[in-house]
Every structure is written in structure tokens, then in C-alpha cells.
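K.L.:
Here is the input, now give the coordinates:
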Amino acid sequence: MLAELQKSPSLYATTKDNVVVLARMSADAQRLVVCAALAEGKSFEAEFNEASLTALKPADFGWDRFFEELQGSFNSGRVSSTSGAFVEITSSNGSKFQFSLEQTSEDIQRVILNSLLNYHHIHTHSKEIEKQLEEAGKQEQEVRMQAADLEREEVSLKESIARNKEQEDVNQRRLAELNGQLAAAEDKKRKSGAADVEEEDEELTTCRCRIPLGEKDCKDVDAELLKLVKGRWTDGATEADSIYNSVARPYTSSELTAQTSSFSSAQRQAIWQALEKIDDWDYDVFNVQSQMSGDDNASLAIQANGGSLLVTGFALMFRHGLMQKFKIDERILLNWLTVVEAGYHGNPYHNSMHAADVLHITHYILSKGGLAKKCKLTDEDMFGALFAAIIHDYDHPGINNSFHVKTQTYLATLYNDRSVLENRHVSSVFELMKLSKFNVLSAFTDDQRRDIRDTVIEMVLSTDMGLHAKIVNQFKRRLQENHDFTKKDDIRLALSMAVKMADISNCGRPEHIYLKWSGKIADEFYMQGDRERNLGLPCSPFMDRSQPAMAKGQIAFMNYIVVPLFECISEFLPDMHFSVDHTEQNKAYWNKNDDS
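P.N.:
Predicted structure coming up:
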């Protein structure tokens, strides 16, 4: 009924008794309105919905026939009314149907006159009306887009609220666990006495930093999952007993086919499917993290079976054949990956999941981005680049260098206010590696270790945003001088640019991934702002939760940091230019959703 009603024009008729009748669609396009005006000024009106029209129309009429006959009756003078309280329609075959109207105080004559004037205006000013309709259509489209944006923002905000609540629960559990460990240590110290305290384990004296896993060498990894991951790039039929298969022998091709046709667990199936996109820009560490830990907020040291950093790091070591090329002990690699993952704190943003994300994008830039080919990277270069990405924010406390320097923390004093966090990340991991069980470089020669260490140091220190302009300008000069980027200094500069891009790559990711990361960085910024306020310090820009300016901060960051960096890298690696387009799309989101 509605479809036919909405196609029907407004209809006018004057009966033999000088009753003026109007039939038209209601303002909400849901009902038929019939009006009648008598010469002496009386007015009648009624609205008819589908049910009431069904009751009065002839039974053999469909809705198309009904409205066709209605229109024909008005146009052919087959409308009659004497008192105005009833309007009778005579169809072309002689059947009749009658509308019952009620008297109204509204001036129906004026309603009909205005309707006629509007009808006349539409027909005499059709171009103007078309233009108005076009404008209305554009406005409707804009409103629909705004509504869609608001719906997406609502979903994002709800997810952020849920993540914050879950993060608080995780933090409370972690706090209780740490308090328990502290109490146990204090009790042990009291019981042991001063003499026993001096009798430290010989191996521990070689490492002067926190060991995140405590007395454990490795997390409780799923050997079957490791075999699946390795099976993508290795075949268990060859060198099954080699040192790089010391923990989990990979499946043979036939075994892998059998396993992947009927997975033994939903988690392994989900991880297997997620790794299908590890060479793609939209590889989703949130999904991997959720599958491993049950929640993408639990990027903490309490991930008993490992998280997205373990999975991504382990996969890429085999994806690039580095385990086989350097004969790396798989047990040591797993010890190293899990202790590094455990060394990342449960910050909203700078956590082990961020490390996994940066690792993946670094891999993408090296492979599909074309950097490895263009710079003729050696296997040592590849290993060093992945190593640097894995550790680049190790032990990050959730506050930036500026906070350390302003408050003159121990780390700021230790590193003389220079790249405080970045120095901490590198030195802490290499200090851990003084323990043989974590020394992932033990299979390399002295020259290889020195080469990889130098690459890692330069790459991680380059992620200090205080050095951003200096490094980017240096890279631009090399481009202008037409360096081929195959010499070691140029290679390390190119790798530094790669990890810098990876570090802020979430701005150039698909919108659904980007919005999750932007929510996390805002949460971490506000936490630092809270600490600054509690210390009586002014809140750093964009870190005051009482004056939210997320859109402004994100747009400024993209305009002055992200887009120029991505464009510079795209000049060197044209296959990366799509990241600029993604960034512009994400910037457009904030232009439409300004929260300031």
C-alpha cells in the first residue's frame, strides 16, 4: 500500500454541490489524507491507514488498481459529496467506495489553496524544485554519513570503555600478584639472614636488571601451535633433529594438510587463519592477541602462554628462514621471545601488542615495501631489523622522555636526559642476554654479533621523537645525493626510517584498526596527564583528560609528523605510498568527528 500511496500525486476535485475535495499523502508518508471544504466555510478531514483503506476498497482491487481508480475518479469528475462528511468515489466500472470524514476547526479551504499554490509552483519552477531536491538529497546523504560515523564512533567508545574496565581488572589482579610476591620475598629475606643474602646464584650476578619471568626460563608455550606455525615455512621431513627444531618438530606437508583440515582446537585454527595475512598491511594483532590471551588488553607479563608478540616473532623468524640460516637454538629463541614479551608492561598503548604490530609492519616494509631488495640486505641485516622491532619499547613505563627529564627520574640521570627510554629499551635487553638462556645471539660469530648489535642500537634510538627531524632530514639529504643505500651506514639509516614508520604506522592502517590504537594512545596520554597533575606539573599537550582534544592532537600529529614521514619513505619505496592515502582517510575521520 505505501509504495502505491507514495507514487500517487495530490488529487483535487469540486463536486456538483461545490464541495472542494483534496486527497493527498500524509506528511509522514504513511497514510492517505482526505479533506473537504464547503462553500459556507465548514471543514472536514480524516486520515486512512492501510487497515482502514483495506476495509473500504472493493475486495477485487489491488493497491495499484485502487490508487489508479482514485486518481481517475478525481480527474474525471466521479467524486461526489453533499454535506462534506462523506466523500464518495465511483470507479470506472461503476463500483463505489466512501470515505467518512470528521468536522475539523482547521481551515481546509486554506489548506487546499496552499496545496494548489505549491503544486503550481512546482510545475512552473521545476528547475528550482529540482535544485532544491538535489540539495535535500545531498543533505540527506551527509546526514546519513554523519550518522554512520557517529555509530562507528559509538562502537569505538563503547569498546574503549570496556577495554578500560577490563584493563582495570587486569591491573588489580597484577597488583595483588606483585604484592604477594613482595610479601614472600620480604618473608624469605627475614628468614634467610644477611649471610644467605650474599650467596647469590653465580649466573644471576652477570645480569643487573629485572628478569620478568622470575625463576622461569620460558612461558608455557603450546608445542602443537608452534608446529603449525613452523609448518607454513618448513617441512618436518627435512632436518627434523636440527637445533632450530629442538622444541617442536614441524609437521611434514602431509601431516600439516591433515592438521589444517581438522584443527584440534579453535584457538590454533584462529591463529593459523590470522597468519595467512602476516604478509599483508591489515594483519590484525588484536585478533592474534585475543586468541592467545582471551583479551586484547591483557598485553601483560601474566600472559602465561604468550601473546601476539610471541606468535608474530616466532612466525617471522621462520618466515625469513633466519632460524635455519644461523642455526639458532629454538629453545633459546623461545626463552628470549617470551622474556622480552613479559618485559613489556600492561600500558594501554606501549605494550607487547604494540611491539608485535611494529614488528609486523617492519617486516612488511622490508618485504612487500621493497626495502630488503633495494638495500640488498644481508641475513644479518634482516635479523637485526626484526630484533630491533621486537625490543624497541621493552620495559616502557607508560610515560614519555619529557616526563622523565622534567621530574629527573633515575633513568633521566642515568642516560643524561638523552633518549632516556630508548637507551633503556636496548640496554635492558642486552643485559638480559648476558644470561645464556636468553642469549639469542649465541649462534652468531663475534663479527655478526657486533654488526647486529650496532644495527639494533641505531634503529631503536631512532624511535626517539626528539631525534625525528634530524633523522628524517639526514635521510632526505641522502636521497637528494642519490645514494644507492647499499653501504652499511645508509642501510642502517634506511632501517631506522623503516622502524620509525612502523612505530607510528597505526595512523596509516585501515580505520577499524587505527581507531583501536588511537583510543589506546589517548588512554595512556591521559594517565601521564594525571601523574603530572598529581605532581603539581602542567599537563603535557593533549594529555589533560579534563580538556579532551583527541581530534586536534591526531590531526596535528598526522599533518606534521606522519604524512611527511610516509611521503618521504614513499619517495624511496613507491610501493608504500598507499599508506599516505590511508592516513588522509583517517585524518578525514577526525575532521568530521572533532571532540574539542
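
K.L.:
who are the neighbours in contact with the residue nearest the centre of the chain?
P.N.:
Residue closest to the average C-alpha location in the chain (CA atoms, centre = their mean): residue 513, at 1.7 Å. Residues in contact with residue 513 (CB atoms under 8 Å, 6 or more residues apart in numbering) are 282, 284, 286, 506. (Each C-beta comes from the backbone N, C-alpha and C, glycine too.)

K.L.:
Equivalent analysis for residue 498, please.
P.N.:
Counting by CB under 8 Å, 6+ apart, residue 498 touches 362, 365-366, 369, 371, 385, 569.

K.L.:
still on that earlier bit, which SS class is the residue nearest to the centre of the chain?
P.N.:
State at residue 513, reduced to three classes by DSSP: H, G, I helix; E, B strand; the rest coil: helix.

K.L.:
Tell me how far it lies from residue 284.
P.N.:
Using CB to CB, to the nearest Å, residue 513 is found at 6 Å from residue 284.

K.L.:
quick revisit: from the contacts of residue 498, which is closest to residue 433?
P.N.:
Nearest to residue 433 among those, counting by CB to CB, is residue 385 at 17.5 Å.

K.L.:
Check the spatially closest residue to the closest one that is not a sequence neighbour and give its pLDDT.
P.N.:
Among residues not flanking residue 385 along the chain, residue 495 sits closest, at 5.2 Å (CB to CB, 6 or more residues apart in numbering). pLDDT, residue 495: 99.

K.L.:
Residue 495 in helix, strand or coil?
P.N.:
Of the three states, residue 495 takes helix under three-state DSSP.

K.L.:
So that it lines up with my notes, have the first residue be 103 from now on.
P.N.:
Let's use 103 as the start, then, which means that last one is residue 597.

K.L.:
what number of residues lie near it?
P.N.:
Residues contacting residue 597 under the criterion other CB atoms under 10 Å number 29.

K.L.:
isn't it right up against residue 559?
P.N.:
No. Here residue 597 lies out of contact with residue 559, judged by CB atoms under 8 Å, at a distance of 11.5 Å.

K.L.:
next SSE after the helix or strand where residue 629 lies?
P.N.:
Assessed by DSSP states H and E, residue 629 sits inside helix 613-636. Counting by DSSP H and E, the next helix or strand C-terminal to helix 613-636 is helix 652-659.

K.L.:
Okay, buried residues for the helix or strand just after that following helix please.
P.N.:
Counting by DSSP H and E, the next helix or strand C-terminal to helix 652-659 is helix 665-674. Of the residues in helix 665-674, 665-668, 670-672, 674 count as buried by neighbour count, 16 or more other CB atoms under 10 Å.

K.L.:
which strands and helices sit next to helix 665-674?
P.N.:
Judged by 3 or more CB pairs under 8 Å, 6 or more residues apart in numbering; DSSP states H and E, the packing partners of helix 665-674 are helix 570-582, helix 590-605, helix 680-694.

K.L.:
And those: which comes nearest residue 239?
P.N.:
Nearest to residue 239, of the helices and strands packed on helix 665-674 and by CB to CB, is helix 680-694 at 19.1 Å.

K.L.:
Could you list every helix and strand in contact with the closest one?
P.N.:
Judged by 3+ CB pairs under 8 Å, 6+ apart, helix 680-694 is in contact with helix 228-299, helix 613-636, helix 652-659, helix 665-674.

K.L.:
run the last query once more with 7 Å
P.N.:
When contacts are defined as 3 or more CB pairs under 7 Å, 6 or more residues apart in numbering; DSSP states H and E, helix 680-694 packs onto helix 613-636, helix 652-659, helix 665-674.

K.L.:
Just give me how far the last one sits from the chain centre.
P.N.:
Once both centres are worked out by CA atoms, centre = their mean, to the nearest Å, helix 665-674 turns out to sit 22 Å from its chain's centre.

K.L.:
just stretch 473-493 next, same as before
P.N.:
27 Å.

K.L.:
Show the pLDDT at residue 131.
P.N.:
For residue 131, the predicted pLDDT is 89.
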